[in-house]
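A.B. asks: coords below, sequence missing:
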C-alpha cells in the first residue's frame, strides 16, 4: 500500500531514473536560537582566523596578547576557520533536506540557497529508516527548544547509521521513512536483488518479506500511476489542483477568461537563501578588504608596484561575485508576474528590478503550458520553471519558485487556455494589461 505523505513534502517522480522527496524549509520555533548561536560562533571564528592569519603574516599588529592568539588559533583550527558552525547555523535557519533514491543508492542533500552537501548509502546495506526523538531528561520530557529536532536516520546492516534529515516533526518524518522503505524495496527488486529494508510498521517485524508479496508489489509499482514520466498531462479531463496553502497568488475568473497576479516572493523566501549568503559574502569581503588595506598601510616594508595593481584586481573579482549574487537575489525576490486570458489572447507580463517584459499570443498559437527544465542544474537536478510554448517559441518564467505552486498555476492556465481555444471566438484586440502587483 502506498504511503500517504504530508502535503509539505514534494515528490519528484522520475522513474526509472530516480524518485526524490523534497522537504520544506525547517520551522524550528524556539529552537532557532540554536541556529543563530552557531551562526554567530562561525562568524566569530572566521573573523578570528583571518585576523590570526594576517597577524602571523605581519600584515596587521596583534594587540590581544599571546594567550588570546592561541585561543583564536585553536578555535579557528577546530572549526575549519568557522566554516563548520557557519554551515550548520545556515542550515538550521535557512536550509532544507532532499532525499533521493537513484539506482542502487539512497542519497541525502542539505541545501542552503545555492550551496549543498550530500551523502550516499547503498540500498543493499540499509536495514531500516528510523525516526528518532530528540534527547530528553530522565522523565522523558523534551526541552521546548528541542521539540522540533526529530531526526530520520538510516540504520545499516552491521550496526552503522547515518543522518537523512533533522529538524522536522515526527508527523513528517515517520511517513517519509515508510515511503522510503517502500520505494527502496521496489528499487532493489527492480535491480534483481532481494527486498531487505525492514519496515517498523510491519505486522511481523521479525519475518522477511514473502517472495509472492514482493512479486505482487513489483507489478503494482510498475504501473504508470506510481512511477510517472513527470510529463505534462495534456488530457482535456485533467483534474483541477488546489491552490497550495500559504500561496499569495490572486486569481480572478470571469466569463470568457481570467487574470492571475503573482506577487513577489520576497528577498528572503524568493531567493532561496541567496540573499542571506550574499550578505555573508559581502560582509566577509568588507572585513577582508579593510584588513588588507590596514595591513598595507601599517606594514614596515611597503609593497612593490606589482602588488599595488594585482591586489585590487584580485579583490575586484571577489567583489564582483558578491555584488552579482546580491543583484540576482534581489531580482529573484522582487520579480512579479501577471497572466491574462480574455477572448482569444494570452498576455504575460513579468516585472523585476531590471525592467518589465511583455509577451502576447493568440490562444491558437499556444501548443502547451507546463513545467519544464530551466537549463539550470543543481547537483545534476534540473531547476524547473513555468514554460509557455507558442508559435515555435518558448517563454520560461518564475524559475525557482515553489514547484507545487507552479504546478497549480500551470493547471489554472491550461484550463483557461483550453476553454478559450474551444470557444472558437474571433481574435480579440491586444489586451490592455491591468496593473501588475509590485
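C.D. replies: Structure's in. What do you need? Owing to the predicted nature of the structure, the values given are computational and were not obtained by experimental measurement.
A.B. asks: What segments of this protein are helices?
C.D. replies: Ranges of helices in the chain, per DSSP state H, are 32-56, 65-78, 83-94, 170-190, 211-221, 267-270, 274-298, 305-334, 403-423.
A.B. asks: Need those helices in CSV (columns: mean neighbour count, mean pLDDT and distance to residue 354).
C.D. replies: C-beta coordinates here come from the backbone N, C-alpha and C atoms, glycine included. Formatted as CSV, those follow (neighbours: other CB atoms under 10 Å; pLDDT from 0 to 100; distance: least, CB to CB, whole Å):
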stretch, mean neighbour count, mean pLDDT, distance to residue 354
helix 32-56, 18, 81, 31
helix 65-78, 14, 73, 40
helix 83-94, 20, 87, 25
helix 170-190, 21, 89, 38
helix 211-221, 13, 46, 46
helix 267-270, 18, 70, 15
helix 274-298, 16, 77, 16
helix 305-334, 14, 78, 6
helix 403-423, 19, 86, 21
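A.B. asks: Please identify which of the ones you listed is closest to residue 19.
C.D. replies: Checking these against residue 19 by CB to CB gives helix 170-190 as the closest, at 5.4 Å.
A.B. asks: Relative to the whole chain's centre, how far out is that closest one?
C.D. replies: Centre-to-centre, helix 170-190 and its host chain are 21 Å apart (CA atoms, centre = their mean, to the nearest Å).
A.B. asks: Which strands or helices does that helix pack on?
C.D. replies: strand 18-22, strand 96-102, strand 126-132, strand 150-156, strand 161-168, helix 211-221 (3 or more CB pairs under 8 Å, 6 or more residues apart in numbering; DSSP states H and E).
A.B. asks: go again using 6 Å as the cut-off
C.D. replies: In terms of contacts (3 or more CB pairs under 6 Å, 6 or more residues apart in numbering; DSSP states H and E), helix 170-190 is packed against strand 96-102, strand 126-132, strand 150-156, helix 211-221.
A.B. asks: which outside residues touch that helix?
C.D. replies: Helix 170-190 is contacted from outside by 3, 5-6, 19, 101, 123, 129, 131, 150, 152, 195, 197, 199, 214, 218, 221, using CB atoms under 6 Å, 6 or more residues apart in numbering.
A.B. asks: any idea of the angle it forms with strand 150-156?
C.D. replies: Computed by axes from the mean of the first three to the mean of the last three CA atoms, to 10 degrees, the angle separating helix 170-190 from strand 150-156 equals 20 degrees.
A.B. asks: contacting residues around the nearest residue to residue 75 once chain neighbours are set aside?
C.D. replies: Leaving aside its sequence neighbours, residue 75 sits nearest to residue 45 (CB to CB, 6 or more residues apart in numbering; 5.2 Å). Shown in contact with residue 45 (CB under 6 Å, 6+ apart): 75, 76, 79, 82.
A.B. asks: Include distance to residue 359 when you put these into a markdown table, please.
C.D. replies: Output for the contacts of residue 45, formatted as a markdown table (distance: CB to CB, whole Å):
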| residue | distance to residue 359 |
| --- | --- |
| 75 | 55 |
| 76 | 52 |
| 79 | 50 |
| 82 | 46 |
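A.B. asks: What sits closest to residue 249 if chain neighbours are left out?
C.D. replies: Nearest non-adjacent residue to residue 249, counting by CB to CB, 6+ apart: residue 262, 5.2 Å away.
A.B. asks: so the one you found sits right up against residue 337, yeah?
C.D. replies: Yes. With contacts counted by CB atoms under 6 Å, residue 262 reaches residue 337, the gap being 4.1 Å.
A.B. asks: These two: which is more packed in?
C.D. replies: Taking other CB atoms under 10 Å, residue 262 and residue 337 do not tie; residue 262 has more neighbours (26 against 23).
A.B. asks: who touches the more buried one in this structure?
C.D. replies: Applying CB under 6 Å, 6+ apart, the residues contacting residue 262 are 249, 336, 337.
A.B. asks: In contact with the residue most central in space within the chain, which residues are there?
C.D. replies: Residue closest to the average C-alpha location in the chain (CA atoms, centre = their mean): residue 111, at 5.7 Å. By CB under 6 Å, 6+ apart, the residues touching residue 111 are residue 96.
A.B. asks: ok, so what distance separates it from residue 99?
C.D. replies: 12 Å (CB to CB, to the nearest Å).
A.B. asks: again, but for residue 159
C.D. replies: For residue 159, the distance to residue 99 - CB to CB - is 22 Å.
A.B. asks: Looking at these two, which one has more neighbours?
C.D. replies: The neighbour comparison of residue 159 against residue 99 (other CB under 10 Å) goes to residue 99, with 24 against 7.
A.B. asks: isn't the more buried one right up against residue 21?
C.D. replies: Yes. With contact defined as CB under 6 Å, residue 99 reaches residue 21; the gap is 4.8 Å.
A.B. asks: Need the nearest residue in space to residue 321, chain neighbours excluded.
C.D. replies: Going by CB to CB, 6+ apart, residue 321 has residue 281 as its nearest residue, at 7.2 Å.
A.B. asks: Could you do residue 251 as well?
C.D. replies: Per CB to CB, 6+ apart, closest to residue 251 is residue 260, 5.3 Å.
A.B. asks: Report the beta-bridge partner residues of the one you found.
C.D. replies: Counting by DSSP bridges, residue 260 forms beta bridges with residue 251, residue 339.
A.B. asks: could you check the distance from the residue nearest to residue 75 over to residue 23?
C.D. replies: Where residue 23 is concerned, residue 45 sits at a distance of 29 Å (CB to CB).
A.B. asks: again with residue 35
C.D. replies: 16 Å.
A.B. asks: Repeat that for residue 346.
C.D. replies: For residue 346, the distance to residue 23 (CB to CB) stands at 35 Å.
A.B. asks: more crowded one of the two?
C.D. replies: residue 346 (26 against 23).
A.B. asks: I figured the more buried one was touching residue 361, is that so?
C.D. replies: Yes. Distance between residue 346 and residue 361: 5.4 Å, which falls inside the contact criterion (CB under 6 Å).
A.B. asks: Surely residue 108 is in contact with residue 162?
C.D. replies: No. The criterion here is CB under 6 Å, and residue 108 misses it with residue 162 at 7.8 Å.
A.B. asks: So among the contacts of helix 170-190, which ones count as buried?
C.D. replies: By neighbour count, with 16 or more other CB atoms under 10 Å, those hold 3, 19, 101, 123, 129, 131, 150, 152, 195, 197, 199, 214, 221 as buried.
A.B. asks: which two in the residues you listed are spaced the farthest apart?
C.D. replies: Top of the distance list for those (CB to CB): 150 and 214, 30.3 Å.
A.B. asks: Now render the helices of the chain as a markdown table, adding distance to residue 389.
C.D. replies: What follows is the helices of the chain, written out as a markdown table (distance: least, CB to CB, whole Å):
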| stretch | distance to residue 389 |
| --- | --- |
| helix 32-56 | 42 |
| helix 65-78 | 53 |
| helix 83-94 | 34 |
| helix 170-190 | 32 |
| helix 211-221 | 32 |
| helix 267-270 | 25 |
| helix 274-298 | 28 |
| helix 305-334 | 24 |
| helix 403-423 | 11 |
